[in-house]
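Chemist: Mind looking at a prediction? Sequence and model below.
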Amino acid sequence: MAEEVHSEGGLSFHPMDQFMIRPLFGEYGDPVHWYTVTNLTLWMALAVLCVVGLFVFGTSGRAIVPNRIQSVAELAYGFIYKMVEDVTGKDAVKFFPYIFTLFLFILFANFLALIPTSFSPTSHIGVTAVLAFAVFFTVTIVGFVKNGVGFLGLFWVSSAPLVLRPILAVIELISYFVRPVSHSIRLAGNIMAGHAVLKVFAGFAAIAAIAPVSILAITAIYGLEVLVAFIQAYVFTILTCVYLKDALHPSH
């Protein structure tokens, strides 16, 4: 996890090196094209395979008394289904497969990134931005398809004084278009920050005088990152539900 370079001035390490996208095949430093198979591609594919393994192969038996894998799958299914129903409403249950897929992909990508020497796809704004803009366009299209021009009522605060409504409409409009930016940066920033801090402490572990303190710090931060991995998947998912609720019920 920590790649150290010893120099005359002491120990130097580069916490951000772990986020570099590199081709899996070829020489180090080769250019990365859109068709290049990279470490990013590999770990996103592994996250997808974990989802498939859990819900296709792990639950293929569908026993009345579930085994451990089936229990985990059913728990995750029920947890997200209840979230969608409670936050967005029963009429949004038809979007459950999309929301559930988002949650599972982010969750497994986050957890796989905690394996030493692994790579974190969700630490890259390019990945999280694609997920966030997919939610943004989906929600916007659904809002106009279901409500027509009435979807614009989301930006018109009818409960406010008339003189303030145009100003609030502009603020609401800006806030709406900022959603995919904040949605993506929140996830990528939290994952990147945690992994960078882990690598910093791992670098200090090479110094004998502070190695015990550094190892204790790594252990504590790693435990926190396990929690963050779940929380960030949960936050991304519940915000998706909130945005979808606005699209389905813009007058609420």
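Modeler: Here it is on my side, so go on.
Chemist: Surely Ile64 is within a helix?
Modeler: No. Using DSSP: H, G, I helix; E, B strand; the rest coil, the assignment for Ile64 is coil, not a helix.
Chemist: Pull the number of nearby residues for it.
Modeler: Applying other C-beta atoms under 10 Å, we find 4 residues neighbouring Ile64. Every C-beta, even on glycine, is put in place using the N, C-alpha and C of the backbone.
Chemist: where are the low-confidence patches of the chain?
Modeler: Scanning the chain with the threshold set as pLDDT under 70 gives 1-13, 251-252.
Chemist: And the helices in it?
Modeler: 39-52, 68-88, 96-112, 125-147, 165-204, 211-248 (DSSP state H).
Chemist: Could you point out which of the ones you listed sits nearest Gly58?
Modeler: With respect to Gly58, and counting by C-beta to C-beta, the nearest of the helices of the chain is helix 68-88 at 3.6 Å.
Chemist: Show residues contacting that closest one.
Modeler: Residues from elsewhere that reach helix 68-88, judged by C-beta atoms under 8 Å, 6 or more residues apart in numbering: 54-55, 58-59, 61-63, 66, 92-93, 95-96, 99-100, 103-104, 237-238, 241-242, 244-245, 248.
Chemist: With stretch 228-244 instead?
Modeler: 80, 83-84, 87-88, 92, 95, 99, 102-103, 106-107, 110-111, 113-114, 122, 131, 135-136, 139, 142, 179, 183, 186-187, 190-191, 194.
Chemist: Buried residues in it, which are they?
Modeler: Neighbour-count burial for stretch 228-244 flags 228-229, 232-241, 243-244 (criterion: 16 or more other C-beta atoms under 10 Å).
Chemist: Looking at the residues you listed, which one is closest to Tyr28?
Modeler: For Tyr28, the nearest member of these is Ala229. The distance, counting by C-beta to C-beta, is 28.8 Å.
Chemist: Against Phe100, how distant is the closest one?
Modeler: From Ala229 over to Phe100 the distance is 17 Å, taken as C-beta to C-beta, to the nearest Å.
Chemist: cool, and Gly78?
Modeler: From Gly78 over to Phe100 the distance is 11 Å, taken as C-beta to C-beta.
Chemist: got it, and Leu216?
Modeler: For Leu216, the distance to Phe100 equals 38 Å [C-beta to C-beta].
Chemist: Show me which of the two is the more surrounded one.
Modeler: Neighbour count, other C-beta under 10 Å: between Leu216 and Phe100, Phe100 has more, with 20 against 11.
Chemist: What's the separation between the residue nearest to the more buried one when sequence neighbours are not counted and Ile64?
Modeler: Computed as C-beta to C-beta, 6 or more residues apart in numbering, the closest residue to Phe100 that is not its neighbour in sequence is Ile80, at 4.9 Å. Relative to Ile64, Ile80 is positioned 23 Å away (C-beta to C-beta).
Chemist: Val37 too?
Modeler: Here Val37 is placed at a distance of 43 Å from Ile64 (C-beta to C-beta).
Chemist: try Phe155
Modeler: Applying C-beta to C-beta, the value for Phe155 to Ile64 is 50 Å.
Chemist: residues near Pro23, how many?
Modeler: For Pro23, using other C-beta under 10 Å, the count is 17.
Chemist: actually Thr219, sorry about that
Modeler: Counted by other C-beta under 10 Å, the residues lying close to Thr219 total 11.
Chemist: Same question for the one 4 residues further on.
Modeler: Residue crowding around Gly223 was assessed by other C-beta under 10 Å; the count is 10.
Chemist: Ala169 too?
Modeler: Using other C-beta under 10 Å: Ala169 sits among 16 other residues.
Chemist: Now it: closest residue in space that isn't a chain neighbour?
Modeler: Nearest non-adjacent residue to Ala169, counting by C-beta to C-beta, 6+ apart: Phe155, 4.8 Å away.
Chemist: so that neighbour makes contact with Glu172?
Modeler: Yes. The pair Phe155 / Glu172 is scored as a contact, 4.3 Å apart, by C-beta atoms under 8 Å.
Chemist: All good on my end, thank you.
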